[in-house]
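1. Using only what follows, build the 3D model:
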Amino acid sequence: MKKHALVVGASGVTGSTLARHLLENGWRVSGLSRGAHAEVEGVESIAVDLTSADALRTALKGLQPSHVFFTVWSRQANERENIRVNGAIVSNVFDALGEAMDSVEHVALVTGLKHYLGPFEAYATGAVPETPFREEQGRQRVDNFYYEQEDRVFAAAERHGFGWSVHRPHTVIGFAVGNAMNMGTTLAVYATLCRHTGMPFIFPGSAMQWHGVTDMTDAALLARQLEWAATHAEGRNQAFNIVNGDVFRWKWMWSRIAGYFGIEPVPFDGTVRPLEARMADAAPAWREIAGKFDLAEPDIAKLASWWHTDADLGRPMEVITDMGKSRKAGFADFEATDEAFFRLFDRLKEARLIPD
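-> Have a look, this model is predicted:
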């Protein structure tokens, strides 16, 4: 029988890429989202408030997926609220599926490297494990909604007998509009502003990120690992890191991105200059650029997530990931990170979200 995926968060960077990948491989795909953004053509779209247990029960009535993929989170004011709301999303979906959960073969949960780092508000406040991060390093002794989501998946697996996998990417590069964690599109918007206004292309982050070695995750690579883990015995009941497989320093990548847009990179001078403050008044300039080039989205707030890019590029510690466990298990795919950025930028141009 055709595999039937329920993708929770099907309009986001990870969810939309996963949905497209599964459709291309012959899956039936149902996608849950708030309905605020377009989903992939071919997905059976279900617009619903994921925080409402009653709404989910109505929306999922009669649905019998063979696989469930959680690729979504809802940002709250603090980590205690993140735990409450995002933990409930997992339970709400399971409860809404009801007896259909007994026929689910696999549930995959996408979290991230904050499993090792702690949540945004706790960065550098705990004892961050030594890098490269490895899956066996375990949990930090801090509040973290990732752990709550994992525990709810594990408990449901015990009740219903499905297999599970947890996937921990590092800053996902992929196409989506209106996503809260979208560095690739944010940097494209920033570079476009610099090109068309004369604003200097200044690195917004820390000395550690500028000089240190790091890695990232292409959304297409993550999608392939998600499908692999959901359909291979080696991926059952395992947590896996997932990064592209190359490493780089931002002082090199910054020049690569600048070169794509035909602008000059400004060398880092030791001063952290976050984008959120510097771009606070950028909306009128973006509207002008959007009008001049007939772009599809004149609202900069629907494209750029300054706060998230600042958080990632402003980290005061090294962040790099070990992929040994995944490779030993049989998943050895690779992506070049600069090429992943360039593919995204090309697609943003095709969608008329940035100018040619």
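
2. May I ask which helix or strand encompasses the nearest residue to residue 147 once chain neighbours are set aside?
-> Leaving aside its sequence neighbours, residue 147 sits nearest to residue 139 (Cβ to Cβ, 6 or more residues apart in numbering; 5.6 Å). Every residue, glycine included, has its C-beta placed from N, CA and C. Remark: residue 139 resides in no helix or strand, with elements defined by DSSP states H and E.

3. these two touch, right, residue 139 and residue 114?
-> No. Contact criterion Cβ atoms under 8 Å: residue 139 and residue 114 do not qualify, at 11.0 Å.

4. Verify the contact between residue 331 and residue 230 for me.
-> No. Assessed by Cβ under 8 Å, residue 331 is found out of contact with residue 230, at 11.6 Å.

5. quick check: longest helix of this protein.
-> helix 79-97 (DSSP state H).

6. quick one on the thing from earlier: give me the more crowded residue out of residue 331 and residue 230.
-> Set residue 331 next to residue 230 and count neighbours by other Cβ atoms under 10 Å: residue 230 wins out with 24 against 20.

7. which residues does that one contact?
-> Listed by Cβ atoms under 8 Å, 6 or more residues apart in numbering, the contact partners of residue 230 are 67, 69, 105, 106, 108, 163, 165.

8. Which secondary structure state is assigned to the last one?
-> Reducing the assignment at residue 165 to three states with DSSP: H, G, I helix; E, B strand; the rest coil gives strand.

9. Touching, it and residue 235? I think so.
-> Yes. Judged on Cβ under 8 Å, residue 165 makes contact with residue 235 at a distance of 5.2 Å.

10. Can you pull the residues that touch both of the two?
-> residue 229.

11. Phi and psi next, for residue 8.
-> phi -90, psi 110 (degrees, to the nearest 10).

12. same deal with residue 108?
-> The phi/psi pair for residue 108 (degrees, to the nearest 10) reads phi -110, psi 140.

13. Near it, how many residues? Count them for me, please.
-> Neighbours of residue 108 (other Cβ under 10 Å): 26.

14. Any figure for the gap between it and residue 41?
-> From residue 108 over to residue 41 the distance is 23 Å, taken as Cβ to Cβ, to the nearest Å.

15. what does residue 246 give?
-> Applying Cβ to Cβ, the value for residue 246 to residue 41 is 32 Å.

16. now do residue 305
-> 25 Å.

17. how many neighbours does residue 162 have?
-> Around residue 162 there are 21 residues (other Cβ under 10 Å).

18. wait, residue 280
-> So residue 280, with other Cβ under 10 Å, has 9 neighbours.

19. next one: residue 218
-> For residue 218, using other Cβ under 10 Å, the count is 28.

20. which residues sit in contact with it?
-> Taking Cβ under 8 Å, 6+ apart, one finds 172, 173, 174, 244, 335, 337, 340 in contact with residue 218.

21. Which of these sits closest to residue 352?
-> residue 174 (18.0 Å; Cβ to Cβ).

22. Could you check how far the closest residue in space to the closest one that isn't next to it in sequence is from residue 229?
-> Spatial nearest neighbour of residue 174, excluding adjacent residues (Cβ to Cβ, 6+ apart): residue 219 at 2.8 Å. Distance of residue 219 to residue 229, computed by Cβ to Cβ: 16 Å.

23. More neighbours: which of residue 305 and residue 41?
-> residue 305 (23 against 9).

24. Can you name the residues that contact the more buried one?
-> 179, 180, 181, 182, 183, 185, 186.
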